[in-house]
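Student: quick one, structure for this:
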Amino acid sequence: MLYEIKGVNQDSLEYKKRWFFDHEIDLLIWLNADNEIVGFQLCYDKLNNPHALTWFKDTNTTALILVRIKSVAVEVHPYSSPMVN
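Tutor: Numbering: from 1, shown residues only. As a prediction, this is how the structure comes out:
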């Protein structure tokens, strides 16, 4: 079950960030002024082989970014699919 972290640091004046977590995954979502989701990040397999799936709505493009986290280094692999709108 996911629990919400209250009092999350808001680094953007344009979007509100909400953070949900459990022992296996984290889910961060960004909302605009109309409370529409404009982005999310799903961090999974946090204890064994952490990865993150990130999506942000953009005026021209929609893309998913797969990130594999290795100690300090981070590998970013852009991923696009015709099914992503």
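Student: leaving out the residues flanking it, which one is nearest to residue 40?
Tutor: Take residue 40 and drop its neighbours on the chain: the residue closest to it by CB to CB, 6 or more residues apart in numbering is residue 29, 4.7 Å away. To be clear about C-beta, it is placed using only N, CA and C from the backbone, and glycine gets the same treatment.
Student: mind listing what residue 15 touches?
Tutor: Residue 15 makes contact with 30, 31, 32, 38, 39 under the criterion CB atoms under 8 Å, 6 or more residues apart in numbering.
Student: could you give the bridge partners of the residue nearest to residue 40?
Tutor: residue 18, residue 40 (DSSP bridges).
Student: okay, and for the chain, where does confidence drop off?
Tutor: Counting by pLDDT under 70, the ranges of the chain that qualify are 59-85.
Student: at 80 instead, please
Tutor: For the chain, the stretches with pLDDT under 80 are 58-85.
Student: and the strands in it?
Tutor: All strands of the chain, identified by DSSP state E, fall at 3-5, 16-21, 26-31, 37-44, 51-57, 62-70, 73-79.
Student: now do the fourth one and strand 26-31, the angle between them.
Tutor: For the pair strand 37-44 and strand 26-31, the angle between their directions (axes from the mean of the first three to the mean of the last three CA atoms, to 10 degrees) equals 170 degrees.
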